[in-house]
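A.B. asks: the following comprises the amino acid sequence and a computationally predicted model.
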Amino acid sequence: MLSGSKVHYFNIPGRGEAVRLAMVIGGVPFTDHRIEFKDWASLKRGQPWLTVPVLELPGGERVAQTHAILRLIGSQTSPRLYPEDALAAARVDELMDAVNDIQVAVNGAGSGLEGDAKLAARKEAIEAGVPSLLLANLDGYIAKHGSGGHAVGSGLTIADLKIFTSCTFIASGFFDGIPPTAMDGFSHIKAVCKTVASLPVVQSYYDARAADGSAAKFEESLVAARK
């Protein structure tokens, strides 16, 4: 069903990176179509919900919205990355939505401000504001419901991929004012990130991209999570 699909997203990690990694970890051959920002205006209206990522299946059918795509991929891979157990699946969904909320809160911090004022507002938010509170809740949730460097249960799920790609991206330098140490106080989040980053297939993926010069801006934070 998935082999030969095409993943459409920008040439940054962002919201599309978890989708790419789900395909990579699942051993699914796919075309990684990276959209240049200069081309987005002409492509936007052609997307189902005016956003990316979009997964284009071999037959031409398209699935949009990050979490819908991840659930589809996670239910098709072997081993599964999306739990069959209903409660475990709900916890995976809950975490992915929560991580989205964190990224929205980070992006919105300092809205309407410019220059140093915006940078200060972002720094304050990640240290003591809503993003900090949500990250603490996420860290506690992982401690309660996950184990062994996994967010839900003791096996790899799409929630782990979402946490890894989003939390490293938040601290990657993409969001002005957010320091690279933003996740340092959250040991369970960092453990999940290290688990995913240390998977041999993930290491090989990023090492190959670095070797052939195709690594995108802000990918360094994904590689650094191995340490």
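C.D. replies: Sure, I can see it.

A.B. asks: tell me the helix or strand right after the top helix by length along the chain.
C.D. replies: If you go by DSSP state H, the chain has its longest helix at helix 86-108. Moving toward the C-terminus from helix 86-108, the next helix or strand (DSSP states H and E) is helix 115-128.

A.B. asks: which SS state does the spatially most central residue of the chain fall under?
C.D. replies: Closest residue to the average C-alpha location of the chain: T165 at 3.1 Å, with C-alpha atoms, centre = their mean. Look at T165: counting by DSSP: H, G, I helix; E, B strand; the rest coil, its state is helix.

A.B. asks: swap in S78?
C.D. replies: S78 ends up coil, using three-state DSSP.

A.B. asks: measure it to D116 for me?
C.D. replies: Relative to D116, S78 is positioned 51 Å away (C-beta to C-beta, to the nearest Å). In short, each C-beta sits where N, CA and C put it, glycine included.

A.B. asks: give the contact list for the residue nearest to the centre of the chain.
C.D. replies: Listed by C-beta atoms under 8 Å, 6 or more residues apart in numbering, the contact partners of T165 are 13, 17-18, 21, 222.

A.B. asks: just the ones of those residues in helices?
C.D. replies: Counting by DSSP H, the contacts of T165 place 17-18, 21, 222 in helices.

A.B. asks: select from the residues you listed the one having the most neighbours.
C.D. replies: A18 (29 neighbours; other C-beta atoms under 10 Å).

A.B. asks: compute the distance between that residue and L119, please.
C.D. replies: 28 Å.

A.B. asks: same question for R15.
C.D. replies: On the measure of C-beta to C-beta, R15 and L119 end up 24 Å apart.

A.B. asks: again, but for S221
C.D. replies: Going from S221 to L119 by C-beta to C-beta gives 19 Å.

A.B. asks: so those two - more neighbours on which side?
C.D. replies: Of the pair S221 and L119, S221 is the one with more neighbours under other C-beta under 10 Å, namely 21 against 15.

A.B. asks: pretty sure that one sits against F169.
C.D. replies: Yes - assessed by C-beta atoms under 8 Å, S221 is found in contact with F169 at 6.9 Å.

A.B. asks: joint contacts of these two?
C.D. replies: Common contacts of S221 and F169 (C-beta under 8 Å, 6+ apart): P13.

A.B. asks: any chance you could list what contacts stretch 197-211?
C.D. replies: For stretch 197-211, contacts defined as C-beta under 8 Å, 6+ apart pick out 21, 24-25, 27, 156, 164, 168, 196, 215-216, 219, 222-226.

A.B. asks: measure A159 to Q103 for me?
C.D. replies: 14 Å.

A.B. asks: burial of E36, as a residue count?
C.D. replies: The local packing of E36 (other C-beta under 10 Å) involves 9 other residues.
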